[in-house]
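K.L.:
Here is a sequence with its predicted model. Questions after.
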Amino acid sequence: MKFTRSKIYRIFSIIALLSVMGLIFFLSAQNGEESSQTSGFIGNLLASIFKGDVAQDVFRTFAHFTEYAVLGFLMYNVLYSFNVKFPPLTGIALSLLYAISDEIHQIFVPERAFQISDLTVDLGGIILGTTVIFLLFTIVTKISLKKKKGESL
């Protein structure tokens, strides 16, 4: 089996996406105490690096937003690599379905719950991540087309 650049790119893209999905699942599987310890440790680490105090609620919200921004980014990337039609909308929809499944999963974890506020933050992250990669791909495509035509940038 011959591996082309596009096949290797797809494989690494899928691995990255599944890794982030696995990390989100792992973090959601932590009970309330474990989750607080994890976010408290990271929050304290960031506070020591940036010489300030990081409120745990703010940190947890930012973490939710960030992990789903990365998910949206990677989901779009995988869909784009497979030439799926409308990768932004499809990526947002699939990422949101994952976020909903994640919140449902938390119903079964002690001291955790399904929260609409988390879904809202997750959706904001998904939209940002998808928008960033969409703009990056659009810019790169336009630059490539100009180079092929011999136009100056």
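P.N.:
That came through, no problem.
K.L.:
pLDDT of the helix or strand where F26 lies, averaged?
P.N.:
In this structure, F26 is located in helix 5-28 according to DSSP states H and E. In this model, helix 5-28 has an average pLDDT of 95.
K.L.:
buried sites along it?
P.N.:
R10, S13, L17, V20, M21, I24, L27, S28 (16 or more other CB atoms under 10 Å). C-betas here are computed from N, CA, C, even on glycine.
K.L.:
How about stretch 134-150?
P.N.:
F134.
K.L.:
So which helix or strand of this protein has the lowest pLDDT on average?
P.N.:
helix 32-50 (a mean of 66; mean pLDDT, DSSP states H and E).
K.L.:
following that helix, which helix or strand shows up next?
P.N.:
helix 56-81.
K.L.:
Next, the angle from the following helix or strand past that following helix to helix 5-28.
P.N.:
Where DSSP H and E defines the elements, the next helix or strand beyond helix 56-81 is helix 87-107. Orientation check (axes from the mean of the first three to the mean of the last three CA atoms, to 10 degrees): helix 87-107 against helix 5-28 gives 30 degrees.
K.L.:
okay, the angle between helix 87-107 and helix 56-81?
P.N.:
Going by the same axes, to 10 degrees, helix 87-107 makes 140 degrees with helix 56-81.
K.L.:
how far out from the middle of the chain is helix 87-107?
P.N.:
Centre-to-centre, helix 87-107 and its host chain are 11 Å apart (CA atoms, centre = their mean, to the nearest Å).
K.L.:
what's the distance between the following helix or strand past that helix and the middle of its chain?
P.N.:
Counting by DSSP H and E, the element after helix 87-107 in chain order, helix or strand, is helix 116-149. How far helix 116-149 lies from its chain's middle: 12 Å, per CA atoms, centre = their mean.
K.L.:
swap in stretch 61-74?
P.N.:
4 Å.
K.L.:
The chain should start at 615 in everything you say after this.
P.N.:
Happy to do that; since the first residue is 615 now, the last one works out to stretch 675-688.
K.L.:
Buried ones in it, by neighbour count?
P.N.:
For stretch 675-688, by 16+ other CB under 10 Å, it's A677, H678, F679, E681, Y682, A683, V684, L685, G686, F687, L688.
K.L.:
what about the third one, distance to K763?
P.N.:
For F679, the distance to K763 (CB to CB, to the nearest Å) stands at 39 Å.
K.L.:
do the same with the fourth one
P.N.:
Going from E681 to K763 by CB to CB gives 40 Å.
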